[in-house]
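> Quick check, what structure comes out for this input:
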Amino acid sequence: MIRLIKADEETASLLPYLEQDALGCRMASALLCYQGTPFLDAWVQEDAFGIQAVLCRLDGAMTILDTGKADLQEQRAFCHAVGFSSLTASPCVVAGLGLTPSSSGIVMKLCPLPHKPNGHRGHPTQTELSSLCSPTICWGGSPRLYYPILEQCRGDGIHLPPFDTWYVDCSHRMRRGWMRGAIARQSEGNSGCILAVETPHAALISGVAVLPSFRNKGIGKRMVEALTSTILAEGKACFLLCLGPLVDFYRSLGFEVSGQWAVASPSSKEVSL
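The predicted model follows:
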């Protein structure tokens with residue numbers, strides 16, 4: 001059975017389950033920001049053994065977190081009945097729903113690097129980064145500062161909505177404390193940015209962008225280290241979704257592969273179950 005999640009209390013009880021996974025973190029952050037608005041709907045799929053999947057649709061974009069034991073026939077009929085503009089889930093779920101992925105990649109989770117023999121931690125503190133590294137890592141700021149950087153990196157694994165839609169969403173999340181970001185700034189100007197959506201106990205890095213003229217200078221590494229050091233200090237789990245070629249880069253920063261993701265649209269070619 002698939003039923004609508006209505007009460008804030010039920011969302012709170014789902015958080016521990018959602019915060020264990022990257023896609024779950026994405027859904028939990030959306031629920032914290034938008035539950036009770038016309039932009040978001042969320043459902044749980046249950047059987048006699050309990051919850052088998054959580055489905056969340058934000059402004060048409062569907063995300064599914066599945067235990068691997070859910071009734072995919074029921075999910076498939078439900079998703080096509082309620083409609084969606086895009087659907088993100090594990091590759092097994094996407095295939096089980098009769099859809100062909102338009103893109104796919106790797107789910108990674110941060111595993112703190114071990115203490116080094118010289119006494120230094122695996123991740124530098126924000127103070128260390130600010131004093132030792134160029135560029136300067138500047139926290140917060142208006143979403144208007146981030147969009148031009150992301151726009152210039154469009155196509156490099158970054159899918160960017162129109163500015164008005166993106167700005168309203170990011171501003172709302174930042175005001176409510178469920179999104180944080182930083183901009184890499186050098187004497188020549190802004191060189192990159194990083195953003196993450198959050199929940200009380202987890203964070204999902206949702207964008208890392210370095211302008212083409214500043215690449216291969218360690219800027220992306222410094223931004224990720226700055227963000228993950230603050231997330232770890234707060235005791236939160238940290239996830240990201242990336243493309244295959246970036247796995248080694250993120251492994252060098254303490255992330256490990258924890259799964260796979262895939263995206264499909266309702267118009268993608270259906271396959272037989």
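
> buried residues in the helix or strand encompassing Tyr146?
Tyr146 is part of helix 143-152, with elements assigned from DSSP states H and E. The neighbour-count check on helix 143-152 (16 or more other C-beta atoms under 10 Å) flags Pro143, Tyr146, Tyr147, Ile149, Leu150 as buried. From N, CA and C alone the C-beta is placed, and that goes for glycine too.

> Measure how buried the closest residue to the third one other than its chain neighbours is and give me the count.
If I follow you right, that is Tyr147. Nearest residue to Tyr147 in three dimensions, chain neighbours excluded: Phe163, at 5.7 Å (C-beta to C-beta, 6 or more residues apart in numbering). Phe163 is flanked by 14 other residues according to other C-beta atoms under 10 Å.

> how much space between Phe163 and Met27?
25 Å (C-beta to C-beta, to the nearest Å).

> ok, now Leu72?
18 Å.

> cool, and Ala233?
According to C-beta to C-beta, Ala233 and Met27 sit 25 Å apart.

> the more surrounded of the two?
Taking other C-beta under 10 Å, Ala233 and Met27 do not tie; Met27 has more neighbours (29 against 11).

> That one: what's its closest spatial neighbour, skipping adjacent residues?
Nearest non-adjacent residue to Met27, counting by C-beta to C-beta, 6+ apart: Cys56, 4.0 Å away.

> got any ranges where this structure has weak pLDDT?
Counting by pLDDT under 70, the chain has low-confidence residues at 113-133, 156-157, 268-273.

> Let's see that with 50 instead.
By pLDDT under 50, the weakly predicted segments of the chain are 115-123, 127-132, 271-273.

> Show me the domain layout of it.
Segmentation of the chain into domains, based on automatic domain parsing, reads 2-104, 112-253.

> tell me how far the ends of the shortest one are from each other?
The first and last residues of domain 2-104 sit 26 Å apart, counting by C-alpha to C-alpha, to the nearest Å.

> now it, how far from the centre of its chain.
Its chain's C-alpha centre and that of domain 2-104 lie 14 Å apart, by C-alpha atoms, centre = their mean, to the nearest Å.

> now swap in the last one and tell me
Between the centre of domain 112-253 and the centre of its host chain there is 12 Å, according to C-alpha atoms, centre = their mean.

> Pairing partners for whichever strand or helix holds the residue nearest to Met27, with directions?
Here Cys56 is covered by strand 50-58, with elements defined by DSSP H and E. Paired neighbours of strand 50-58 in the sheet (DSSP bridges): strand 40-47 (antiparallel), strand 61-66 (antiparallel).

> how about the strands in the stretch 151-273 of the chain?
Along the stretch 151-273 of the chain, the stretches classed as strands by DSSP state E, counting those that start in this stretch are 179-186, 189-198, 202-210, 237-242, 255-264.

> so can I have a markdown table of those strands showing mean neighbour count and distance to Leu87?
Converted to a markdown table, these look like this (neighbours: other C-beta atoms under 10 Å; distance: least, C-beta to C-beta, whole Å):
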| stretch | mean neighbour count | distance to Leu87 |
| --- | --- | --- |
| strand 179-186 | 21 | 23 |
| strand 189-198 | 22 | 18 |
| strand 202-210 | 24 | 17 |
| strand 237-242 | 22 | 14 |
| strand 255-264 | 18 | 5 |
